[in-house]
Each structure stands twice: as C-alpha cells, then as structure tokens.
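Student: Generate coordinates for the sequence data below:
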Amino acid sequence: MALTRLAALVLLGMMWAQVCFVPYTKVEESFSLQAVHDILTHGVMRRDQYDHLSFPGAVPRSFIGALLLSVASLPAALCATSAGVQLGVRLVLGTCAWAAMVHMACLLCPKASRVRALFYVLCAIQYHLTFWTSRTTPNGLAFPLATVALTHVVHGRHAYKGLALLAATAMMLRLELVCLAVPAYLWTWWHHQRRFVYVFMTGAVTCAGSIALSVLVDSYFWRKRFLWPEGHAVIFNVIEGRSAEWGVSPPWTYVVRDLPRILFAAFPLALLGCTRRSSFRSPLVLLICTHVGLMSFLAHKEWRFLVYIVPLCNMLAAQGASMLIRTYLGRWLMLGLVGTSAALWILGTHVSIYNYPGGEALRILHTQMQEAQVVHIDTLAAMTGVSLFQSIHLARPAHSLVPSQAPVWMIVHGL
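Tutor: Numbers count the residues shown, from 1 in each chain. A predicted model of the protein is given here:
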C-alpha cells in the first residue's frame, strides 16, 4: 500500500512539475483562462468588461467550465500575486485530473494494489497526459468529470450517476463525449441489466437539463438571446465542415500515429492486458474502440480529442504490466519501457519550455521596465503565452480577487 501511495504522489508531482516548468498557455487554452481571470477580476455581474466580447474566437465556448474552475481556484486567488493566480488555477485543474485518475484506480482495483501502482506509473510517464490535463482547453476542463463518469459506468454500482455526469459534461463542455456516452449507455443497459426506459430517461432528462443550463448561463455571459455553445460548435465544425480549415488527416491517424505516440509504453501493454480476464476488460475495450472509431470519421483530428480514453488504456496496460513483471525477462522489458517513456517525458517537457516566447517576452519586459508604458500585445504574442494574468500592473477594480502590483505602470491591451 505504501508503494501504491508513493506512485500516486509521483503522478501528482509530475503533473505539478510540468505546470511550474511551463506556466504559460497557448491559444487553445486562452478562452477559459481569460474567462477565469475576468470572473475573478470583475465578478459575474460586470460581464461587459470581459475579454471574450472583444475577442470572441471562431466559435463561442461555454462559461460553465470556467465558472467551476474559478470557484475551485478561490484559495489560490486569495493568497497569490496576479501571475501566481494563473499558476494556482492550473495547479487546481491538474489536481482535479489527478484525483479523478486516483478515483478510477481505487474503484476499479480496490484490492489489486500492484495494478494501481502500475497504473499511476504509466500515467506519470506519459508526457501528453500529464502536460495537457492541467491546461485550460475545453478537453482539459472536461477530463476530470469524464474520467469520474466513465469510472462509475465501468464499475456499475453507481452507473446512473456516471451516465448522468457523462451526458451533462458532453452537453455543456465537449459534445464529442457523445462518442463515449453512446457505448456507455448501451453497456449499462445490456451488461448491467438496467431497464431500458430508466437508462433512456436518465440520458434524455440530463441532456435536456444540461442544454437548458448551458443556454441560460452562456446566453447571459455572451449577451445573446439564445446560445448553446456546444451546439454552435457542432454546426460550425461538423455540419459545415469548417474544422477542416485547421487540417485534414486520414481515417487511420488515431490508430496508427496518435495512440502509439500518446501511450508509448502503455500501447503494447494495453494490447497484452486485453488478453487477461477481468471484470472491467470488456467495457474498457468497448469504450476505447467505439470512441476511436467514431472520432476517426471526422476529417480534422487532434490527439486531445482522445484524452478521455487514455486512463482507460492505462488501466488495461496496468493489467498487462502486472502479467509481464511476473517473469525475469518481463521485468527487464518493463524497466526498459518505463525508462524510455520517462526519458521522453523529460525531453518533451524541456522542449515545451521554449514554446512560449510571448509569455517569456512579457516576463522579461516586466523586469526591465523603468517608467510608465502602454504595451500592445499582437496576435503572435497572444498565441504564444501572454494572458491577462501576466498583466501584473493592469488596473483592476477594488473588489478584484486578482491583485495588481501598485503603482499601475503598465496597461496591456488586447490583440
């Protein structure tokens, strides 16, 4: 048990380390991060001051995830500097992702401490998982909720709660989770032998309520009469096919390129784990294959669309690893896989430090500023690290939970 707890803490430490080494954010994360800043700075009543009204982006995004993250980040906002609040927000999000993965391991493997320890180790050495689950992309905000939901669906004891949480997360944060919700609902009905009408009503009522809540909240913050952001995103990206403007990949991309790259050591171990009988092997395989298969039909592909199934793959891989280490040769092979993955984690983190020149430039400017300045942030800088949290001398209202350093020397303008 002590080794299992140590492995869980190593996973948390790896996630926190990447937040501290690479504190800046890029364009994919900007909406939610700026929304958290505006909520903590202006409150929910002064929405006319929010950044998204001036720079709305290609499609509107929901404020629900930003609201939840803002509430969870209140302690960090109360005891940190402006730039420190951004770090605190990301640490909170990363901790939520870590807690969700620990919840999965404890619920699915309550007595198999070796499997839990291997699960934590495999998660810890995956650069993409530890790096992106602490970032404020819509996928990162949905990840903890989706992980908890899928855990309860696979376990079966609180399947209805898992189904409701999965449907709500899909409707409000990432509609692509429907590709996981469909097999989850079918598995609950067929394998757990729940009555179809109850399963159907759980999904229907949850979806209707979640859409209504999203319309209510997001119409208010976006100052529009009727707005469901995820529905708008589906029309823009899928029906109109506008996501292809960001690149098109062949149908086999996820299977041939992205999953092996993301999972690395866990990829062959997951295939080995599929050969071992367990209570959760079948639902994990069903969820993974269905999600990858359905998402492969979309022309535009990004690995973060698969982030929700990475813990599921790692759970299968932990089963495979527990089989592998029973032999002498297997233990050496496992050590080589873990060592290589850890080396790639270090290399990926090191390279990422230099991927945010805009944020680094603003930090250097703060250290060299000697007199009052008005600084214009252009598109490239805003896309490579600059956020409102870094505007440490920005004039903020007295009730702001994001502090400013006095005197107000610099005003940072938008794009």
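
Student: pLDDT (mean, whole number) over the host helix or strand of residue 183?
Tutor: Following DSSP states H and E, the helix or strand that holds residue 183 is helix 178-190. Averaged across helix 178-190, pLDDT comes to 95.

Student: C-terminal to it, what's the next element?
Tutor: Using DSSP H and E, the helix or strand that follows helix 178-190 towards the C-terminus is helix 196-222.

Student: other SSEs contacting the helix or strand that comes right after that following helix?
Tutor: Taking DSSP H and E as the definition, the helix or strand that follows helix 196-222 towards the C-terminus is helix 229-234. Other elements packing on helix 229-234 under the criterion 3 or more Cβ pairs under 8 Å, 6 or more residues apart in numbering; DSSP states H and E are helix 159-172, helix 196-222. Just so you know, the C-beta spots here come from the backbone N, C-alpha and C atoms, and that holds for glycine as well.

Student: Flag every buried residue along helix 229-234.
Tutor: Of the residues in helix 229-234, those with enough neighbours to count as buried (16 or more other Cβ atoms under 10 Å) are 229, 230, 232, 233, 234.

Student: how about the strands in the stretch 51-200 of the chain?
Tutor: All residues of the stretch 51-200 of the chain lie outside strands when identified by DSSP state E, counting those that start in this stretch.

Student: Model confidence at residue 172, what's the number?
Tutor: For residue 172, the pLDDT comes out at 96.

Student: List the residues that contact it.
Tutor: The contact partners of residue 172, by Cβ atoms under 8 Å, 6 or more residues apart in numbering, come to 62, 64, 65, 210, 213, 214, 230.

Student: 10 Å - rerun?
Tutor: Contacts of residue 172 were listed using Cβ atoms under 10 Å, 6 or more residues apart in numbering, and they are 62-65, 68, 141-142, 145, 210-211, 213-214, 217-218, 228-230.

Student: Among the residues you listed, the buried ones, what's the PyMOL command?
Tutor: Selection of the buried residues among the contacts of residue 172 in PyMOL, burial being defined by 16+ other Cβ under 10 Å:
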select buried, resi 62+63+64+65+68+141+142+145+210+211+214+217+218+228+229+230
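
Student: what are the C-alpha coordinates of stretch 90-108, in PDB please?
Tutor: Backbone C-alpha positions of stretch 90-108 (Å, rounded to 0.1, in the frame of the first residue of the first chain) are rendered in PDB as follows:
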ATOM      1  CA  ARG A  90      -3.600  25.300 -13.500                       C
ATOM      2  CA  LEU A  91      -2.400  23.500 -10.400                       C
ATOM      3  CA  VAL A  92      -6.000  23.200  -9.200                       C
ATOM      4  CA  LEU A  93      -7.100  21.800 -12.600                       C
ATOM      5  CA  GLY A  94      -4.200  19.400 -12.600                       C
ATOM      6  CA  THR A  95      -5.000  18.200  -9.100                       C
ATOM      7  CA  CYS A  96      -8.700  17.600 -10.100                       C
ATOM      8  CA  ALA A  97      -7.400  15.400 -13.000                       C
ATOM      9  CA  TRP A  98      -5.100  13.500 -10.700                       C
ATOM     10  CA  ALA A  99      -7.900  13.000  -8.200                       C
ATOM     11  CA  ALA A 100     -10.200  11.600 -10.900                       C
ATOM     12  CA  MET A 101      -7.500   9.100 -12.000                       C
ATOM     13  CA  VAL A 102      -6.900   8.000  -8.400                       C
ATOM     14  CA  HIS A 103     -10.700   7.600  -8.000                       C
ATOM     15  CA  MET A 104     -10.700   5.300 -11.100                       C
ATOM     16  CA  ALA A 105      -7.800   3.200  -9.900                       C
ATOM     17  CA  CYS A 106      -9.300   2.800  -6.400                       C
ATOM     18  CA  LEU A 107     -12.800   1.900  -7.500                       C
ATOM     19  CA  LEU A 108     -11.800  -0.500 -10.300                       C
END
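
Student: Report the separation between the residue most central in space within the chain and residue 42.
Tutor: To find the centre residue of the chain, average its C-alpha atoms and take the closest one (Cα atoms, centre = their mean): that gives residue 140, at 1.4 Å. As for residue 140, its distance to residue 42 is 23 Å (criterion: Cβ to Cβ, to the nearest Å).

Student: doesn't residue 92 make contact with the residue nearest to the centre of the chain?
Tutor: No: contact between residue 140 and residue 92 fails when scored by Cβ atoms under 10 Å: they sit 11.7 Å apart.

Student: Now the common contact residues for the two.
Tutor: When contacts are counted by Cβ under 10 Å, 6+ apart, the set common to residue 140 and residue 92 consists of 69, 134.

Student: show me the contacts for the nearest residue to residue 60 once chain neighbours are set aside.
Tutor: The spatially closest residue to residue 60, leaving aside those adjacent along the chain, is residue 229, at 4.6 Å (Cβ to Cβ, 6 or more residues apart in numbering). Neighbouring residues of residue 229 by Cβ under 10 Å, 6+ apart: 59-64, 138, 172-173, 175, 214-215, 217-219, 221-222.

Student: Going by residue numbers, what spans are helices in the stretch 201-350 of the chain?
Tutor: Shown for the stretch 201-350 of the chain, the helices assigned by DSSP state H, counting those that start in this stretch span residues 229-234, 253, 259-263, 266-273, 281-295, 310-324, 328-352.

Student: Deepest-packed of those helices, please.
Tutor: With neighbours defined by mean count of other Cβ atoms under 10 Å, none of those is more surrounded on average than helix 310-324, at a mean of 25.

Student: That one vs helix 266-273, what angle?
Tutor: Computed by axes from the mean of the first three to the mean of the last three Cα atoms, to 10 degrees, the angle separating helix 310-324 from helix 266-273 equals 60 degrees.

Student: and helix 310-324, how far from the chain's centre?
Tutor: Counting by Cα atoms, centre = their mean, to the nearest Å, helix 310-324 is centred 21 Å from the centre of its parent chain.

Student: Tell me who's in contact with the residue nearest to residue 95 when sequence neighbours are not counted.
Tutor: The spatial neighbour of residue 95 that comes closest, neighbours along the chain excluded (Cβ to Cβ, 6+ apart), is residue 12 at 7.1 Å. Counting by Cβ under 10 Å, 6+ apart, residue 12 touches 94, 95, 97, 98, 99, 101, 102, 120, 124, 130.
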